[in-house]
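Undergrad: my questions concern the predicted model and sequence given below.
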Number of protein chains: 2
Amino acid sequence: MVATTEECARELLEVVPLIMRDIRNQMRSQRTPDLTVPQFRTILFVDRNTGASLSDVAEHIGIALPSASKLVDDLIKNDLMSREEDPTDRRRVSLAITHRGRTILEASRKGTLTYLSEKLGGTSPSDREAIVKAMRAIRSAFQKQKNDT
Amino acid sequence: MVATTEECARELLEVVPLIMRDIRNQMRSQRTPDLTVPQFRTILFVDRNTGASLSDVAEHIGIALPSASKLVDDLIKNDLMSREEDPTDRRRVSLAITHRGRTILEASRKGTLTYLSEKLGGTSPSDREAIVKAMRAIRSAFQKQKNDT
DNA sequence: TTTAATTAGTTAGCTTATCTAACCATTAGA
DNA sequence: TCTAATGGTTAGATAAGCTAACTAATTAAA
C-alpha cells in the first residue's frame, strides 16, 4: 500500500467530522455532566496549566481571544474556573480550575472515554495499534506547523 | 504494544478536536471559498445523492431535522442547492446541488485537501499507512452502531 | 370512507461558539 | 514622559445546534 498524503487527507476530511460529531453528541447527552467540547478542552488545558492566561488558552485551543474570553466567562459563572489578576502584570489574567471544575472534568472525561471505548469494541488489536500510531503522527504533524503564516 | 480501546479513546479525544479545529479554520480562511464544515458536508452529501430528502441529510450528517432545514435554507439562499417538491410524495423535498454549488464544493474540497496534505508532509509512509488504516477502522466502528438506543 | 395516526418539513425561540472591530488598561520603550 | 505594544473585554454579527409546537400530506384503521 502506498498511502500518499493526499489519500490520508481525504480520509481525514471524511472521518474526522464523523467522530467529532459523535463526541459532541455524547458530551451533550445526559450520560455525562454538561460540558461542551470547547468547554471541556478549556478546562482540561487550565487543569494542566494552572495560572495560564487567556491568551494561552486562546492559543492552545485555537480560538480568538474574544472567544476565549467569553468561553471562560461562562465557565466562571458556572463555578468551574476562577480568574485572578496576575500580580506581576495587571493586564494578565491567571486562570485556575475550581474543585467543582475538576470533579466535573473528571466525570465528563470518564464518561466520554467509556463511550468511545465501547464504540471501539469491535476493532482488532492491529486496528487499535494503527489508531494510536496515527493519532500520534497527526498530533505531531499538526502541532509542529502551528505558527506558519 | 497492546493498545486497549481505552488508550485509543484517550488519543482520539485529544487529537480529533485538534484536527477538526484545523479543518474548520482552514475552511473559514480566505484560501478557500466560504463554506463551513456542515455546509461542506451537506453539499457533498447531496452531490453524491441527488434527490435526497431533508431527512436523509439530517440522518447522514447527524443533526436534527430542524437544523438540517435551516442549514439547507441558507445554502439555497446562496444558490448552492435547490429544493423541489417530490412529485410522488408531496411532503418530501428533493434536494439537488446547483452548478455554482458544485463549483464551490470542488474548490473548497481541493483547497482543504491541499492544506491537509501539506500538513501531513512530514509523515513517514508507515505513519500514513497507519492513518489510512485507522480512519477506515474508525469509520466502520462509528457507522456500525448508529441506531443503538 | 371518514377519522386517526404517522411522517416530512417548517417556524419560533433558545444556547453556544465563533468571528471582527472598537475599546480600555497596563506595561515597555524611545 | 509620551507612544507602542500587549492583554482583555464589550458589542454586534453569523452559524450550528437543540426542543417544542405547528402544518400539510400520506397511510392505516374503524
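TA: Sure thing, it's come through.

Undergrad: give the buried residues for stretch A:96-107.
TA: For stretch A:96-107, burial by neighbour count (16 or more other Cβ atoms under 10 Å in any protein chain shown) applies to A:97-98, A:101, A:104-105. For every residue, glycine as well, the C-beta is placed using N, CA and C.

Undergrad: pLDDT on stretch A:97-105, on average?
TA: The average pLDDT within stretch A:97-105 is 95.

Undergrad: check contacts around the most centrally placed residue in chain A.
TA: Nearest residue to the geometric centre of chain A (Cα atoms, centre = their mean): residue A:41, 3.2 Å. Residue A:41 makes contact with A:61, B:17 under the criterion Cβ atoms under 8 Å, 6 or more residues apart in numbering or on different chains.

Undergrad: can you name the element that comes right after whichever helix or strand it is part of?
TA: Taking DSSP states H and E as the definition, residue A:41 sits inside helix A:37-48. Following helix A:37-48 in sequence order, the next helix or strand is helix A:54-61 (DSSP H and E).

Undergrad: any buried residues in that following helix, and which?
TA: A:54, A:56-61.

Undergrad: need the residues of chain A near DNA strand D, please.
TA: A:21, A:25, A:28, A:53-55, A:65-66, A:69-70, A:72-73, A:83, A:86, A:89, A:91-93 (Cβ under 7 Å from any atom of the strand).

Undergrad: among these, which ones are buried?
TA: By 16+ other Cβ under 10 Å, the residues of chain A next to DNA strand D give A:21, A:53-54, A:72, A:92-93 as buried.

Undergrad: narrow the residues of chain A next to DNA strand D to those in strands?
TA: A:83, A:93 (DSSP state E).

Undergrad: filter the residues of chain A next to DNA strand D by proximity to DNA strand C?
TA: Within those, those near DNA strand C by Cβ under 7 Å from any atom of the strand are A:66, A:70, A:89, A:91.

Undergrad: farthest pair within those residues?
TA: A:70 and A:89 (22.0 Å; Cβ to Cβ).

Undergrad: now for the buried ones among the residues of chain A next to DNA strand D: which two are most distant?
TA: Using Cβ to Cβ, the pair of those lying farthest apart is A:21 and A:92, separated by 35.8 Å.

Undergrad: narrow the ones next to DNA strand C among the residues of chain A next to DNA strand D to those in helices?
TA: The helices, defined by DSSP state H, take in A:66, A:70 from these.

Undergrad: can I get the ones next to DNA strand C among the residues of chain A next to DNA strand D in CSV with distance to chain B?
TA: Formatted as CSV, those follow (distance: Cβ to the nearest Cβ, whole Å):
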residue, distance to chain B
A:66, 15
A:70, 17
A:89, 28
A:91, 26
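
Undergrad: and the ones next to DNA strand C among the residues of chain A next to DNA strand D as CSV, adding pLDDT?
TA: Below are these laid out as CSV (pLDDT from 0 to 100):
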residue, pLDDT
A:66, 97
A:70, 97
A:89, 94
A:91, 95
